[in-house]
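pasting the sequence and the predicted coordinates here, then a few questions.
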Amino acid sequence: MSEIVNFVDILIPRRTQFGIFKFMTRSFDPKKTFTLDKYYMPQDLKKVVADSVYIDTIVEKESIKNGKSKEQLRKEVLDYLEEIAMDKKMYVIRWMGIVFLKICFMMKIGVFVNEPAVLKLKSTMGKNPVLFLPTHRSYADFCLMTYLCYHYDIDVPAVAAGMDFYSMAVVGRAMRETGAFYIRRSLAGAPLYAATLRRYVRALVARSAAPVEFFLEGTRSRSNKSLPPKYGMLSMTMMPYFTREVSDITVVPVNISYDRLVEQGLFAYEHLGVPKPKETTGGLLKALHRLNDHYGNIYINLGDPVSIREFIGRTNASSEMSKPLDLQELTADEFKSIQDVGDYMVTRQQDCTVVTISNLIAIVLMESLMKNEVFSFEQVVEKIEWLIRVLRDLGASVFENDVKGSIERILVVHNSLMKLDGKNNLRLVSSALMNVNSDIQKKMKGHTLKAETMVNAIPIIQLQLYVNPVLHYLVPPALVHVIVNRGVSTKEELSADYCRIRKMLRHEFFHLEKTEEHKFNEALQYCLRNGVVTSQYERGENLALCTFLQNAVFPALRTLLNCVEVMMQCNNYEHKQALKLVQERAELGHNHPYCLSLEAAANCLRGLLLAGALSKQNSEKEIVYESVPEKLEECRQLIATVLPEIKVDFGNNIVLFNQDLKAKL
């Protein structure tokens with residue numbers, strides 16, 4: 001059973017006359033992450049990097065390799081540092097804080113924080129560097145952690161930002177001056193840049209005495225669920241521990257949950273293949289007027305801090321230890337430890353998920369769509385109260401104590417996505433398509449979908465975005481249920497099929513393979529305890545819970561089967577071609593609209609690689625998948641036999657409200 005945490009809305013004290021200005025101009029003497037003999041300013045950190053033995057060595061190598069003079073290469077290093085480095089300025093932080101709070105009030109949001117966790121972390125600061133690893137669901141994540149630190153008098157973090165913001169007029173500079181440092185998406189082919197970045201991040205961690213923040217996923221999760229971690233930034237930030245520059249590093253998992261994602265519409269289109277629009281200052285200013293609306297609450301939940309020293313211990317002495325400190329590199333064992341830390345931290349972020357009323361109402365509305373049956377307001381209240389009990393029993397933290405009032409609130413927040421009709425029944429709103437001009441059509445990443453397909457799919461995919469954050473709780477018992485429903489004779493057979501499917505869905509539902517036996521046993525006990533399966537491994541009598549679980553896992557299994565069937569048609573396909581064919585198959589088969597997601601299809605193809613049903617070749621242009629026919633057939637038989645028999649016409653669904661085709665394709 002999950003622990004109930006009391007969250008605090010940290011914006012309430014600011015909702016007074018002059019509350020914003022007085023707070024952002026107050027005296028600020030923040031808590032440092034650890035005590036140093038000298039505190040390095042932004043310019044000092046750049047000098048540390050430029051004068052390091054490591055950079056001297058790289059410059060020497062590059063000069064010999066490329067014939068460039070050392071002076072020219074040193075100038076390149078200085079230019080890279082100007083591109084990368086933060087330039088934190090307190091007066092800019094104060095003004096940006098005022099802007100942030102004004103926008104929060106315009107959006108009518110509350111920022112709810114697990115305050116006991118923050119205060120506990122703050123009380124332990126002062127001994128070693130701290131890394132904040134938040135989930136990345138929205139661009140708002142950047143601002144939220146910075147404001148949270150300011151609110152609790154913790155030094156404002158240095159935040160890793162992508163180059164998308166670097167070229168944005170005014171915004172790029174303002175972010176740098178509030179603590180952002182910029183990193184390129186790829187380090188390939190730029191050894192001097194890569195060396196400069198690695199040495200700068202190392203200096204940030206070991207010498208700045210402020211928290212360092214970055215997103216393990218490396219990008220926003222368009223699906224609103226956990227992505228497999230990227231290890232590059234984690235490697236750079238943990239390097240000072242392996243070189244003994246610091247005695248320990250504290251890593252803090254953070255989950256940020258939203259009642260309403262600002263980008264939900266854009267994410268839905270991206271799932272269908274519409275390219276992401278380029279970030280520009282003009283585009284940001286145009287979008288500001290859309291923020292004058294109700295966006296609900298944001299929940300920030302900090303997990304228990306993890307000591308790297310306790311998690312991995314000291315590694316065995318290696319030849320690297322004999323080198324000068326500045327020239328030491330990671331060993332294979334050390335990098336494996338970093339991977340273990342990254343994987344574990346994603347699961348800790350999942351454990352910190354706050355299930356909100358948006359998640360709950362989305363699950364109920366999705367059930368309504370799949371049954372093709374409208375639910376009255378009273379039925380929705382009853383179903384959500386039941387859901388809360390189910391999820392808490394699965395270990396989820398559910399932030400809810402006034403279901404009826406919260407539903408009424410969230411219907412205002414999501415008034416463009418869902419509403420009550422004249423008979424007080426909950427309906428999903430079918431909206432018109434965005435204007436997809438000819439230039440965008442040329443850049444579309446997937447199959448050219450019919451206009452009516454997109455009209456129906458967009459709101460359902462948006463709805464699925466609020467179902468997704470809860471799925472890591474549901475998938476283990478759901479898979480136990482669908483396998484038992486097919487028929488098994490022993491626990492060993494059940495466990496084997498469970499593990500095979502979990503591996504194929506590892507990228508869709510991230511998990512640790514080393515803990516899967518434990519997860520399986522927990523899921524099986526849950527199913528036995530709640531009447532989902534019997535002790536003879538037959539389907540139980542709790543039909544409501546059985547239906548709920550099979551609905552949760554249906555889109556992923558259906559997408560996985562689509563991928564298998566496409567790959568069985570031909571010996572090899574390029575990655576993009578395979579995605580198009582999977583999307584085309586999903587459209588023709590009248591599948592769940594989330595089966596049209598290119599991201600879900602890509603995740604399933606990667607899962608088939610893990611399962612050995614596909615092999616991969618990297619050509620000069622793109623990844624090419626080659627089929628392994630026997631393994632593919634084994635996968636097909638397994639998935640086809642456990643796939644729930646759910647047939648719904650989402651194109652003519654009575655739950656969809658005000659369906660009319662207004663496409664501009």
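Arrived safely. Numbers count the residues shown, from 1 in each chain.

where do the strands sit along the stretch 1-150 of the chain?
Residue ranges of the strands in the stretch 1-150 of the chain, as given by DSSP state E, counting those that start in this stretch, are 8-9, 110-113, 130-134.

right, and the ones you listed - which one's nearest Lys631?
Nearest to Lys631 among these is strand 130-134 (35.4 Å), distances taken as CB to CB. (Glycine included, C-beta is placed from N, CA and C.)

as CSV, the strands of the stretch 1-150 of the chain with mean pLDDT would be great.
Below are the strands of the stretch 1-150 of the chain laid out as CSV (pLDDT from 0 to 100):
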stretch, mean pLDDT
strand 8-9, 95
strand 110-113, 96
strand 130-134, 98
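
can you put those in JSON lines and add distance to Asn591 and mean neighbour count?
What follows is the strands of the stretch 1-150 of the chain, written out as JSON lines (distance: least, CB to CB, whole Å; neighbours: other CB atoms under 10 Å):
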{"stretch": "strand 8-9", "distance to Asn591": "41", "mean neighbour count": "15"}
{"stretch": "strand 110-113", "distance to Asn591": "36", "mean neighbour count": "21"}
{"stretch": "strand 130-134", "distance to Asn591": "33", "mean neighbour count": "26"}
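
which one of the ones you listed lies nearest to Ile623?
The nearest among the strands of the stretch 1-150 of the chain, by CB to CB, is strand 130-134 at 28.2 Å.

and that closest one, what does it pack against?
For strand 130-134, the elements it packs on are helix 140-151, strand 212-213, strand 250-258, helix 332-351, judged by 3 or more CB pairs under 8 Å, 6 or more residues apart in numbering; DSSP states H and E.

pick the most buried one from these.
Of these, the one with the most neighbours on average (mean count of other CB atoms under 10 Å) is strand 212-213, at a mean of 25.

contacts for it, please.
The set of residues external to strand 212-213 that reach it, using CB atoms under 8 Å, 6 or more residues apart in numbering, is 129-134, 145, 157-160, 201, 204-205, 237.

C-terminal to it, what's the next element?
As assigned by DSSP states H and E, the chain's next helix or strand after strand 212-213 is helix 232-242.

quick check: angle from that next one to strand 130-134?
160 degrees (axes from the mean of the first three to the mean of the last three CA atoms, to 10 degrees).

ok, and what's touching helix 232-242?
Outside helix 232-242, the residues touching it (CB under 8 Å, 6+ apart) are 129, 131, 160, 183, 187, 197-198, 201-202, 204-206, 212, 214, 216, 218, 246, 248-249, 308-309, 315, 328, 330, 334-335, 338, 341-342.

CA atoms of that helix as CSV?
What follows is helix 232-242, C-alpha atoms only, in CSV (Å, rounded to 0.1, in the frame of the first residue of the first chain):
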residue,chain,number,x,y,z
GLY,A,232,26.3,10.6,-21.6
MET,A,233,25.5,13.4,-19.2
LEU,A,234,25.4,11.0,-16.3
SER,A,235,28.9,9.8,-17.2
MET,A,236,30.2,13.3,-17.2
THR,A,237,28.7,14.3,-13.9
MET,A,238,29.8,11.1,-12.1
MET,A,239,33.4,11.4,-13.4
PRO,A,240,34.6,13.5,-10.3
TYR,A,241,33.6,10.6,-8.1
PHE,A,242,35.7,8.0,-10.0
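
just the buried members of the contacts of helix 232-242?
129, 131, 160, 183, 197-198, 201-202, 204-206, 212, 214, 216, 218, 246, 249, 308, 315, 328, 330, 334-335, 338, 341-342 (16 or more other CB atoms under 10 Å).

right, and the helix or strand after the helix or strand of the chain with the lowest mean pLDDT?
Taking mean pLDDT, DSSP states H and E as the measure, the chain has helix 438-443 as its least confident helix or strand, at a mean of 68. Using DSSP H and E, the helix or strand that follows helix 438-443 in sequence is helix 451-467.

test my guess that Phe554 contacts Pro644.
Yes: counting by CB atoms under 8 Å, Pro644 is a contact partner of Phe554 at 5.3 Å.

any chance of the strands of the stretch 1-150 of the chain in a markdown table, plus distance to Leu121?
As requested, the strands of the stretch 1-150 of the chain are exported to a markdown table (distance: least, CB to CB, whole Å):
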| stretch | distance to Leu121 |
| --- | --- |
| strand 8-9 | 15 |
| strand 110-113 | 12 |
| strand 130-134 | 8 |
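
domains of the protein?
Recorded structural domains for the chain (assignment: automatic domain parsing) are 8-14+37-260+295-351, 354-463, 469-652.

got the end-to-end distance for the longest one?
Distance between the two ends of domain 8-14+37-260+295-351: 19 Å, counting by CA to CA, to the nearest Å.

if I look at Met238, how far off is Ile308?
7 Å (CB to CB, to the nearest Å).

tell me, what's touching those two both at once?
Joint contacts of Met238 and Ile308 (CB under 8 Å, 6+ apart) are 249, 341.

residues contacting stretch 262-272, please?
Contacts of stretch 262-272 (CB under 8 Å, 6+ apart): 138-140, 220, 222-224, 261, 276-277, 291, 295, 417, 434, 446, 449, 454, 457-459, 461-462, 465, 583, 594, 596-600.

and those residues, which of them are buried?
Applying 16+ other CB under 10 Å to the contacts of stretch 262-272 flags 138, 140, 220, 222-224, 261, 295, 417, 434, 446, 449, 454, 457-459, 461-462, 465, 583, 594, 596-600 as buried.

in terms of pLDDT, where does Ser186 sit?
Ser186 is assigned a predicted lDDT (pLDDT) of 82.

for burial, what's the neighbour tally of it?
For Ser186, the neighbour count with other CB atoms under 10 Å is 9.

so it, which of the three states?
Three-state assignment for Ser186 (DSSP: H, G, I helix; E, B strand; the rest coil): coil.

what are the phi and psi angles of it?
The phi and psi values for Ser186, taken as degrees, to the nearest 10, are phi -130, psi 140.

so Met370 touches Ala552, yeah?
No: using CB under 8 Å, Met370 is not in contact with Ala552, being 10.4 Å away.

just want the angle from the lengthiest helix in the chain to helix 451-467.
As assigned by DSSP state H, the longest helix anywhere in the chain is helix 543-567. Interaxial angle of helix 543-567 relative to helix 451-467 (the same axes, to 10 degrees): 130 degrees.

and His518, how many neighbours?
Neighbour number of His518 under other CB under 10 Å is 10.

how much space between it and Ile20?
Taking CB to CB, one finds His518 at 48 Å from Ile20.

what does Asn297 give?
Asn297 is 19 Å from Ile20, by CB to CB.

more neighbours, these two?
Asn297 (25 against 20).
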